[in-house]
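A.B. asks: Pasting the sequence and the predicted coordinates here, then a few questions.
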There are 2 protein chains.
Amino acid sequence: MTPIELALREAAAAAARGEVPVGAVVTDESGAVLAAAGNEVEARHDPTAHAEILALRAAAAILQTPRLVGCTLTVTLEPCPMCAQAASFFRLKRLVFGAYDPKGGGVEHGARIFAAPSCHHAPEVVGGLRESDCAALLRDFFRERR
Amino acid sequence: MTPIELALREAAAAAARGEVPVGAVVTDESGAVLAAAGNEVEARHDPTAHAEILALRAAAAILQTPRLVGCTLTVTLEPCPMCAQAASFFRLKRLVFGAYDPKGGGVEHGARIFAAPSCHHAPEVVGGLRESDCAALLRDFFRERR
């Protein structure tokens, strides 16, 4: 299973728990999966419990370092400014995401965290991987809730 | 003790642990302290363990809700973009901070999170409370490390 497939699976599992379906995976330089997580905002009563933050924290806990040098974060949705800034703090090498998020995203939209002069570390960014599958999960989730 | 005094005490305690001296306090509408925290980035190997995030999460855990309606976050340093976005997600009523952070801040500087059109909730902001005491803690900490 590729990282984005695993992230999609985490996102689907999040939806099944009533969470906004976003999933994230951290892989190391060799491509090995260090951590995978889905959104847990509702379950934890914690709006910082985005999939990205959970996966990054779990990977750092495994490596016992706050610097995920050489690592890639693969996530189904463009990260928000909070998660983008966290990715910068974790010194991530690469960020890969699926769906673009014009309303809440902070990478290609809004605050554009990595483009700020005060951003000390910006990962390489690849957006749009499996975009339609990632977006479909979110669309279906919000359609059912309306 | 006022919230900023408690935040300063948390910041000093962080410095004593070798952490960048930033402290944060969450108070409810009545002014009662819900949570207080200092930076734990080094101890947790987690660059998301900023004082603000820890205090906000602890307050939400106590109230068993992700929405800190009516609450105030008092912090010794202007929050970074990650913490500012988190404060927005937590639906904080008011943010009070001490020292300004032209290099890393995301409220009055850099990404200016609350001013972004995509920011759905912006707290009231008061900057500069006990500014020189808050800044002195940071200055002394970094001077000793050089």
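C.D. replies: Sure thing, it's come through.

A.B. asks: Pretty sure A:Val33 sits against A:Ile4.
C.D. replies: No. In terms of C-beta atoms under 8 Å, A:Val33 does not count as a neighbour of A:Ile4; the distance is 11.8 Å. From N, CA and C alone the C-beta is placed, and that goes for glycine too.

A.B. asks: joint contacts of the two?
C.D. replies: Each of A:Val25 lies in contact with both A:Val33 and A:Ile4 under the rule C-beta atoms under 8 Å, 6 or more residues apart in numbering or on different chains.

A.B. asks: Would you mind listing what in chain A touches chain B?
C.D. replies: Residues of chain A that fall close to chain B, judged by C-beta under 8 Å from any C-beta of the partner chain: A:41-42, A:45-48, A:53, A:56-57, A:60-61, A:63-66, A:80-86, A:89-90, A:103-106, A:109-113, A:116-119.

A.B. asks: Now list the buried members of these.
C.D. replies: A:41, A:45-48, A:53, A:56-57, A:60, A:63, A:66, A:80-86, A:89-90, A:104-106, A:109-113, A:116, A:118-119 (16 or more other C-beta atoms under 10 Å in any protein chain shown).

A.B. asks: what's the helix or strand where A:Phe142 lies in contact with?
C.D. replies: With secondary structure defined by DSSP states H and E, A:Phe142 is part of helix A:131-145. Applying C-beta under 8 Å, 6+ apart, the contact partners of helix A:131-145 are A:4, A:8, A:11-12, A:15, A:20-22, A:76-77, A:97-100.

A.B. asks: In PDB, list the C-alpha atoms belonging to the helix or strand hosting A:Ala87.
C.D. replies: Taking DSSP H and E as the criterion, A:Ala87 maps to helix A:81-89. This file holds the C-alpha atoms of helix A:81-89, laid out as PDB (Å, rounded to 0.1, in the frame of the first residue of the first chain):
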ATOM      1  CA  PRO A  81      -2.000  26.900   8.700                       C
ATOM      2  CA  MET A  82      -1.600  25.200  12.100                       C
ATOM      3  CA  CYS A  83      -0.500  21.900  10.500                       C
ATOM      4  CA  ALA A  84       1.600  23.600   7.900                       C
ATOM      5  CA  GLN A  85       3.500  25.500  10.600                       C
ATOM      6  CA  ALA A  86       3.900  22.300  12.500                       C
ATOM      7  CA  ALA A  87       5.300  20.600   9.400                       C
ATOM      8  CA  SER A  88       7.900  23.400   9.200                       C
ATOM      9  CA  PHE A  89       8.800  23.100  12.900                       C
END
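
A.B. asks: Name the residues that touch it?
C.D. replies: Helix A:81-89 has contacts (C-beta under 8 Å, 6+ apart) with A:48, A:50, A:52-53, A:56, A:66, A:73, A:75, A:79, A:95, A:106-107, A:110-111, A:113-114, A:119-123, B:47-48, B:80-86, B:89, B:106, B:111, B:113, B:116.

A.B. asks: Please apply the same query to stretch A:49-67.
C.D. replies: With C-beta under 8 Å, 6+ apart as the test, stretch A:49-67 has contacts from A:7, A:10-11, A:14, A:22-26, A:34-41, A:43, A:68, A:71, A:73, A:75-76, A:79-80, A:82-83, A:86-87, A:89-92, B:41-42, B:45-48.

A.B. asks: out of these, which are inside helices?
C.D. replies: A:7, A:10-11, A:14, A:41, A:43, A:82-83, A:86-87, A:89, B:41-42 (DSSP state H).

A.B. asks: Pick out the most distant pair among the residues you listed.
C.D. replies: The most widely separated members of those, counting by C-beta to C-beta, are A:Ala11 and B:Glu42 (32.2 Å).

A.B. asks: Show me which residues of stretch A:62-81 are buried.
C.D. replies: Of the residues in stretch A:62-81, those buried under the neighbour-count criterion (16+ other C-beta under 10 Å) are A:63, A:66, A:68, A:71-81.
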